[in-house]
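Chemist: for reference, the sequence and a predicted model appear below.
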Amino acid sequence: MSPISRGFHRKRQEADPSRVPPGQYVTGDFPVLSAGPTPRTALTNWTFSITGGHEPKSWTWQEFRALPAETVTTDIHCVTRWSKLDTTWQGISLDVLLAAVEYEAEYVLAFCDGGYTTNLPVADLTGGRAWVAFGYGDGPLGPEHGGPARLLVPHLYFWKSAKWVRGLRLRDTDEPGFWENYGYHMYGDPWREQRYAGD
Amino acid sequence: MARTAVRGRLSWQTATVGAVVNQTPTARTLLLDVADWPGHRAGQHVDIRLTAEDGYQAERAYSIASAPGEPLAITVERLEDGEVSPYLTQESQPGDLLEVRGPIGGYFVWQPAFGGPLLLLAGGSGIVPLRAILRYRALLGSSVPTRLLYSSRRLEDVIYRDELSVRLEGLKVSYTLTRSQPAGWAGYARRVDEAMLADVAWPAADKPLAYVCGPTSFVEAAATGLVGLGYPPVRVRTERFGATGQ
């Protein structure tokens, strides 16, 4: 039972509980949270790789952008408690990317420019639920938001949608990534408020 | 990057507001008395939860302002359209109750073993976790060479002004005021840029460790500037808050 904070009252409009997970508030802004400087990789040096399967697979930026893209409108939820509704992205479905490799692994570790990593089950990246996004709104994805390309896994807290993503390492075991090593939850389901280890 | 053991579950704990200190017209420090506070490291944050009489709850994250070993304190900057910060900076009084969960975060922290020289770059209330680092450094009697560059809009917006004016061995504090400056102001008077960083920051050859905290636009400019001066990105730890304005 939580104690009452004397004199505290709701100021924000009630959020739609079918759209906004517990403990979150809706913002119109698009806050930025990153642990280091924003990396800037020239598109000529950019590749997206999937390793750890039977054969490694890699796409250049040109090859990646030639893949069939989708436009996705979705809600996103950051562990720092903001949610942003109806965001629109352009990206390549991970169904398309993962279909290019043979593998039995059940987990991936996404890796990024700047050294960031995050872990995800393969099952959460397939079935039309995850993308490598290169566009936001009507334009390219800005570097501070993870451009040229970031993961977009909107059904998990947004730290799982790794910015500046450069590839996936397929793995048999679920190894913690960057924030997961610092006490954040291994899976990160916002609807179950899996913010920190043990939640 | 250093690995930290994944801890057990962090539970909500009741905190009693102790002393409150208004630092600026919009920023207030609150001491929080928590019965079983496990301690924290310099640079970590906490989640705060408020509960209204009708059961409505709101949660936000705030940087810890106090050094390891000191009682838990946060410093909150009021956002006019906010829900929690106006309450904490205007309404809350000693004896009031709220809930705390933490400490949280393990990357934006400093420990003496990390050494230096240290470069601390603060924008606005981004000074708060850096103040925890500075207080820890002072508490330990550490003389690790440290430079702080603190960007505020106006002089009256400078948080911890008296505390930061205390001369400490090996510490140099520089200010920039971006919106207005008092007569005779000798500090910088513009937003942080690479030329200012070239003046203030340790040369990259000294292998400094940099902590940058503030609004996104500040952190982007400061961190990008340091990389431009040759700082390896892994030596520049950042913490951003607020919107991008997009």
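Modeler: Sure, I can see it.
Chemist: chain center to the lowest-mean-pLDDT helix or strand in chain A: distance?
Modeler: Ranking every helix and strand in chain A by mean pLDDT, DSSP states H and E puts strand A:25-26 at the bottom, with a mean of 92. Taking CA atoms, centre = their mean, to the nearest Å, one finds strand A:25-26 lying 18 Å from the centre of the chain it belongs to.
Chemist: and for stretch B:227-242?
Modeler: In this view, stretch B:227-242 has its centroid 15 Å away from the chain centroid, taken as CA atoms, centre = their mean.
Chemist: does chain B sit close to the top strand by length along chain A?
Modeler: Taking DSSP state E as the criterion, chain A has its longest strand at strand A:82-93. No: judged by CB under 8 Å from any CB of the partner chain, strand A:82-93 and chain B are separated, with a smallest distance of 9.3 Å. Heads up, the C-betas are built off the backbone N, CA and C, glycines and all.
Chemist: skipping its backbone neighbours, what lies nearest the most centrally placed residue in chain A in space?
Modeler: Chain A has residue A:161 as the residue nearest its centroid, 0.9 Å off, counting by CA atoms, centre = their mean. Leaving aside its chain neighbours, residue A:161 sits nearest to residue A:151 (4.7 Å; criterion: CB to CB, 6 or more residues apart in numbering or on different chains).
Chemist: what ranges do the helices span in chain B?
Modeler: With helices called from DSSP state H, chain B shows them at B:85-86, B:127-139, B:161-164, B:194-200, B:216-228.
Chemist: mind putting the ones you listed into a markdown table with mean pLDDT and distance to chain A?
Modeler: Listed next are the helices of chain B as a markdown table, based on pLDDT from 0 to 100; distance: least, CB to the nearest CB, whole Å:
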| stretch | mean pLDDT | distance to chain A |
| --- | --- | --- |
| helix B:85-86 | 96 | 8 |
| helix B:127-139 | 97 | 13 |
| helix B:161-164 | 96 | 25 |
| helix B:194-200 | 97 | 12 |
| helix B:216-228 | 96 | 4 |
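Chemist: pick the most buried one from those helices.
Modeler: By mean neighbour count, with neighbours taken as mean count of other CB atoms under 10 Å in any protein chain shown, helix B:127-139 ranks first of these at a mean of 24.
Chemist: please state the offset of that one from the chain centre?
Modeler: Mean C-alpha position of helix B:127-139 versus that of the full chain (CA atoms, centre = their mean) differs by 8 Å.
Chemist: just stretch B:57-66 next, same as before
Modeler: For stretch B:57-66, the distance to the chain centre is 12 Å (CA atoms, centre = their mean).
Chemist: hmm, that stretch touching chain A?
Modeler: Yes: counting by CB under 8 Å from any CB, chain A is contacted by stretch B:57-66 at B:57, B:58, B:59, B:60, B:61.
Chemist: so which of those residues are in strands?
Modeler: B:57, B:58, B:59, B:60, B:61.
Chemist: and residue B:217, how close does it get to residue A:101?
Modeler: As judged by CB to CB, to the nearest Å, residue B:217 and residue A:101 stand 40 Å apart.
Chemist: next one: residue A:198
Modeler: Residue A:198 sits 34 Å away from residue A:101, going by CB to CB.
Chemist: okay, those two: which has more neighbours?
Modeler: residue A:101 (18 against 13; other CB atoms under 10 Å in any protein chain shown).
Chemist: in this structure that one contacts residue A:57, no?
Modeler: Yes: using CB atoms under 8 Å, residue A:101 makes contact with residue A:57 at a distance of 4.8 Å.
Chemist: what segments of chain A are strands?
Modeler: Counting by DSSP E, the strands of chain A are A:25-26, A:47-51, A:57-60, A:69-77, A:82-93, A:107-112, A:117-121, A:131-136, A:139-140, A:150-152, A:165-171.
Chemist: related to what we said a few turns ago, in a markdown table, list the helices of chain B along with distance to residue A:2.
Modeler: As requested, the helices of chain B are exported to a markdown table (distance: least, CB to CB, whole Å):
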| stretch | distance to residue A:2 |
| --- | --- |
| helix B:85-86 | 19 |
| helix B:127-139 | 25 |
| helix B:161-164 | 33 |
| helix B:194-200 | 45 |
| helix B:216-228 | 32 |
